[in-house]
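Asks: Need coordinates for the below:
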Amino acid sequence: MPLASIIISAISLLLSATVAVLTLFRRGKLCVTRPMLVGFLHEGTEPKIFLRLMLYATGKRGWIIEALYLRVQRGDGEEQVFSFWMHGETEALRIGSGLKVGEDGTSANHHFLPPKDSSFRFLAGEYVIKLHASIVNRKAAVSLSEIRLSLTDELASALTDPSRGVLFTWQPNLHRYQGNISEPVITGRDRSVSGASRGKPSWA
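Replies: This next block holds a predicted model:
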């Protein structure tokens, strides 16, 4: 009996340790949902990309994101990093300076701008947008999502007016994004079509 009790106790301890590792100590993966809405917009005269998505972790410990950024490649080979990051809701945007993501997830608007010295413009073509995250205590960035969009001549022409935007919505039945021109609706203080500065978004 003593030997059987010892064996049972050891198995129980092993199971408890395994459960603790899998639930309390395991970080899991940092993941992101498919953005249902992607916007090609402007902040003043600067190009801006808008995403609405949820970040979540598959483990209880979660992750702390130092920064999110985009790598944007157009079909002609031009690539631009959108490294300035803001997040939050339309009325409460804040500069991205750290974000804790747990298994319950966090859903928000995310706005990305290129460096001030960038000459990037929204020209017609096929776009590949890659979302990356810089994680605390990790040297290599984590690749989270890849989005493919087609900006037609008509949509690109609309974007020559900084007060207008192009919103791409995901079509589940077609498995692709569909782009539409968004006209700003000015109400109260000036805001942009993304809700950050000039022109209230028509979809808000």
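
Asks: Residue 169: neighbour count?
Replies: Residues near residue 169, counting by other C-beta atoms under 10 Å, number 14. From N, CA and C alone the C-beta is placed, and that goes for glycine too.

Asks: give the contact list for residue 159.
Replies: 40, 42, 122, 151, 165, 166 (C-beta atoms under 8 Å, 6 or more residues apart in numbering).

Asks: cool, residue 114 as well?
Replies: Residue 114 makes contacts with 46, 47, 80, 81, 82, 83, 84, 120, as judged by C-beta under 8 Å, 6+ apart.

Asks: now do residue 129
Replies: Here residue 129 is in contact with 38, 49, 70, 71, 72, 73, 146, 147, 148, 149 (C-beta under 8 Å, 6+ apart).

Asks: Quick one: buried ones out of those residues?
Replies: For the contacts of residue 129, a neighbour count by 16 or more other C-beta atoms under 10 Å gives the buried set as 38, 49, 70, 71, 72, 147, 149.

Asks: before we move on, the earlier item: with secondary structure added, can I get the contacts of residue 114 in CSV?
Replies: Shown next, in CSV, are those (DSSP: H, G, I helix; E, B strand; the rest coil):
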residue, secondary structure
46, strand
47, strand
80, strand
81, strand
82, strand
83, coil
84, strand
120, coil
